[in-house]
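In: sequence plus the predicted model coming up.
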Amino acid sequence: MFANLTKSKGLLSLPYSLVKGETHFPACMEDMYHNNHYFRYAVAVVVVIEIAQLLLALWILGRFIFAPISLLILMAYKLWSSHVSIDIVEKFLQDQQMLSPTRYSYTDIIAITGHFREKLGQGGFGSVFRGMLLSGQHVAIKMLENSQFNGEEFINEVSTIGRIHHINIVRLVGFCSEGSKRALVYEYMPKGSLDKYIFSTRGTSNRPFSWDKLNEIALGVARGIDYLHRGCDMQILHFDIKPHNILLDQHFNPKVSDFGLAKLYPKDYSHVSVSAARGTIGYIAPELVSRNFGIVFDKSDVYSFGMLLLEMAGGRRNVDRSIENTSQVYYPSWIYDRLTQNNEIIEINNNIEIHGVESKLCKVGLWCIQMKSSNRPSMDKVVEMLEGDEDNLQMPPRPFFSSSQQISARQSSMQSSSTELSTMHFRAGRLFKFGSIIRGM
């Protein structure tokens, strides 16, 4: 029976023949039972044939089924291994499955900028160019040219503003990562950065907006920072709040930009660890230089914002060594002494007299720059202060850098340490170089 089944089927019919033969095996055994002389030999032959057929069937299965499967598994493993070996930036981008910004090729960047025709600025991280998308939208493209940062700024920017949308946060339209070519594509801000408008040799009267508008700008910046601290899935600490990093649209609405030094932390964190001071001289919170001033966390951004507010109110740098009157070199100390005189109208700038809004900005700023981080308000409290009236604001304690003669002996000892800290800042120069972010010309 088995011989008849295998004769006409060929090699590929062996598995079928094997099964069919098994069904007839009991009948054969029944016939052989009557011929006992050959029974044992028949059983041995059948067993050998069965084993041979089984081995042949297994060989066929391995040759035509198991071998292709093994090859596919090997190819899949090699493909996975090649992806593991890619550089850190590319790995980061592959992990960001839900990123809303568009990924552009370097050829696209060349086309968008018109072969980098219009340059808007230059900074430590690279150059900024103006461009236009196919939709007609104007954009600002920052080309990251400094390779020593190993993609850190690129990852910081994409991982922060790449996933959030807020009216007071600059929007990341897209990015490019093609080998060593990396670029960030932002919405274009036609009015440029805030520092172009608040610093003037002719004083605050030369600004293109009113004091009420200045308060709106300050409030918008505060809301943007508060959103970074409390409104996202992760807490985002900016670490570089300054006028140059506040961009203005065509209606002078502010947007926080430049997240190259930003850090993300879970919401349940109460402090962070940084290996070195982060920020720009004049805006760096004291605790970023010495832990004697408190823990490093969201209050570090509050300090930088306070210094920004004071510069907005005074229309000058907080430290200006060109001023002839030495008592006015450090603006926060000088303005504190003026505010404590309790005059209804206080001369803050040499050219004008102010009251109301500007006095409020100064008081809020002085609250924000308290030297102990625990004495500063949180950003949501700062928003409330800016939304309220100046009459409801209490005068803050004297800032740590103030030069008043009424400081206690303990404060005087601390003053010595802080003066040492300030001297170190000026001698060290800038701790970091930063990009010239998206300034409109």
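Out: Okay, I see it.

In: rest of the way, CA atoms for contacts and neighbours
Out: Fine.

In: scan this structure for its longest helix.
Out: In the chain, with assignment by DSSP state H, the single longest helix is helix 39-61.

In: how near is the residue nearest to residue 242 when sequence neighbours are not counted to residue 72?
Out: Spatial nearest neighbour of residue 242, excluding adjacent residues (Cα to Cα, 6 or more residues apart in numbering): residue 308 at 5.8 Å. As for residue 308, its distance to residue 72 is 61 Å (criterion: Cα to Cα, to the nearest Å).

In: on that earlier part again, just the mean pLDDT for the longest helix of the chain, thanks.
Out: Confidence over helix 39-61 (mean pLDDT, whole number) is 78.

In: stretch 126-136 too?
Out: 92.

In: same thing with stretch 193-206?
Out: 76.

In: number the residues from 877 up from this point.
Out: Happy to do that; since the first residue is 877 now, the last one works out to stretch 1069-1082.

In: rewinding a little: in the longest helix of the chain, what's buried?
Out: Judged by neighbour count (16 or more other Cα atoms under 10 Å), helix 915-937 contains these buried residues: 929, 932, 933, 936.

In: same check on stretch 1014-1033?
Out: Buried residues in stretch 1014-1033 (16+ other Cα under 10 Å): 1014-1021, 1027, 1029-1033.

In: what about the strands in the stretch 927-1076 of the chain?
Out: For the stretch 927-1076 of the chain, the strands defined by DSSP state E, counting those that start in this stretch cover 978-979, 995-999, 1002-1008, 1014-1020, 1048-1054, 1057-1063.

In: could you identify which of the ones you listed is most buried?
Out: strand 1014-1020 (a mean of 24; mean count of other Cα atoms under 10 Å).

In: can you get me the start-to-end distance on stretch 1100-1111?
Out: 13 Å.

In: state the phi and psi torsions of residue 1157.
Out: Backbone geometry at residue 1157, expressed as degrees, to the nearest 10, gives phi -50, psi 130.

In: can you lay out the strands of the stretch 927-1076 of the chain as a markdown table showing distance to residue 1115?
Out: Below are the strands of the stretch 927-1076 of the chain laid out as a markdown table (distance: least, Cα to Cα, whole Å):
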| stretch | distance to residue 1115 |
| --- | --- |
| strand 978-979 | 26 |
| strand 995-999 | 18 |
| strand 1002-1008 | 19 |
| strand 1014-1020 | 20 |
| strand 1048-1054 | 19 |
| strand 1057-1063 | 20 |
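
In: least reliable of the ones you listed going by mean pLDDT?
Out: strand 995-999 (a mean of 83).

In: tell me what angle it forms with strand 1002-1008.
Out: 160 degrees (axes from the mean of the first three to the mean of the last three Cα atoms, to 10 degrees).

In: okay, how far is it across stretch 1053-1073, tip to tip?
Out: 34 Å.

In: oh, I was asking about stretch 1247-1260
Out: 21 Å.

In: swap in stretch 1012-1027?
Out: First-to-last residue span, stretch 1012-1027, Cα to Cα: 30 Å.

In: ok, now stretch 1045-1063?
Out: 10 Å.

In: contacts for it, please.
Out: 965-966, 977-982, 985, 1014-1021, 1030, 1034, 1037-1038, 1041, 1100, 1123, 1131-1133, 1314 (Cα atoms under 8 Å, 6 or more residues apart in numbering).

In: stretch 1235-1254 too?
Out: 1091, 1161-1163, 1169-1171, 1174-1176, 1178-1186, 1189, 1208, 1211-1212, 1215, 1258, 1261-1262, 1265-1266, 1269-1276.

In: from the residues you listed, list just the buried residues.
Out: Counted by 16+ other Cα under 10 Å, the contacts of stretch 1235-1254 give 1091, 1161-1163, 1169-1171, 1174-1176, 1178-1186, 1189, 1208, 1211-1212, 1215, 1258, 1261-1262, 1266, 1272, 1274-1276 as buried.

In: perfect, I'm done here.
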